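S.K.: Here is a sequence with its predicted model. Questions after.
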Amino acid sequence: MTDTTTDQTAETDTAVREYVRALLRVRLADEQARQERIRALEKEGHRFVDGGQTGRTDDDQATWEITDWRTGELLASGTGDDAYDVEGARLDPDGKWLHIDHVEEAMTKVEPVGIPTSLADALQDWLGVSSTPDEDVAEFVGWSVEEVARHREEA
């Protein structure tokens with residue numbers, strides 16, 4: 001009887017590592033495209049803000065804040081379910097502010113080759129969570145920690 005599992009295991013191992021490397025490469029390219037889009041919109045006069053609801057008061061009123069995405073400067077904060085939109089409109093009467101969460105670029109899909117789709121989904125989740133250390137990813141794919149961090153970094 002011949003043991004064929006060794007060859008299959010090595011092929012699967014290689015396929016998994018190549019899939020994670022491809023995910024990293026695509027993630028970097030997608031983030032670079034997103035950054036180009038942000039810069040183009042800023043050249044058109046838009047300002048990127050962040051923020052939104054931060055919690056609720058004891059009497060169940062929404063608390064919120066608006067910050068400058070680039071600098072982190074607090075532009076406004078307050079309480080009230082409708083006050084966020086009202087204050088945002090007051091501070092940005094020309095409608096030039098864009099919430100950073102609304103800058104979307106199409107995510108490039110990486111087709112899993114040689115691995116099941118459910119495993120590919122789990123690998124995407126593993127790579128995408130901030131609790132997965134760059135060191136673990138680097139060791140797995142055979143890259144430096146710095147290279148992995150550069151590919152996983154988001155602005």
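M.R.: Yep, it's here.
S.K.: Quick one: residues contacting Ile49.
M.R.: You called it Ile, but residue 49 is Val. By C-beta atoms under 8 Å, 6 or more residues apart in numbering, Val49 lies in contact with 66-69, 75, 88, 97-100. Every residue, glycine included, has its C-beta placed from N, CA and C.
S.K.: And the residues you listed, which is closest to Leu41?
M.R.: Within the contacts of Val49, distances to Leu41 taken as C-beta to C-beta reach their minimum at Leu98, with 6.5 Å.
S.K.: What's the local residue count around that closest one?
M.R.: Residues lying near Leu98 (other C-beta atoms under 10 Å) number 17.
S.K.: Let me know whether Glu105 touches Asp30 as I believe.
M.R.: Yes - if you go by C-beta atoms under 8 Å, Glu105 and Asp30 touch, sitting 5.9 Å apart.
S.K.: what bridges to Gly78?
M.R.: Note on Gly78: beta-bridge partners by DSSP bridges are Trp64.
S.K.: give me every residue that touches it.
M.R.: Gly78 is in contact with 63-65, 84, 87, counting by C-beta under 8 Å, 6+ apart.
S.K.: Any chance of CSV for those, columns distance to Gly114 and neighbour count?
M.R.: Output for the contacts of Gly78, formatted as CSV (distance: C-beta to C-beta, whole Å; neighbours: other C-beta atoms under 10 Å):
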residue, distance to Gly114, neighbour count
Thr63, 50, 15
Trp64, 48, 21
Glu65, 47, 17
Tyr84, 48, 21
Glu87, 53, 18
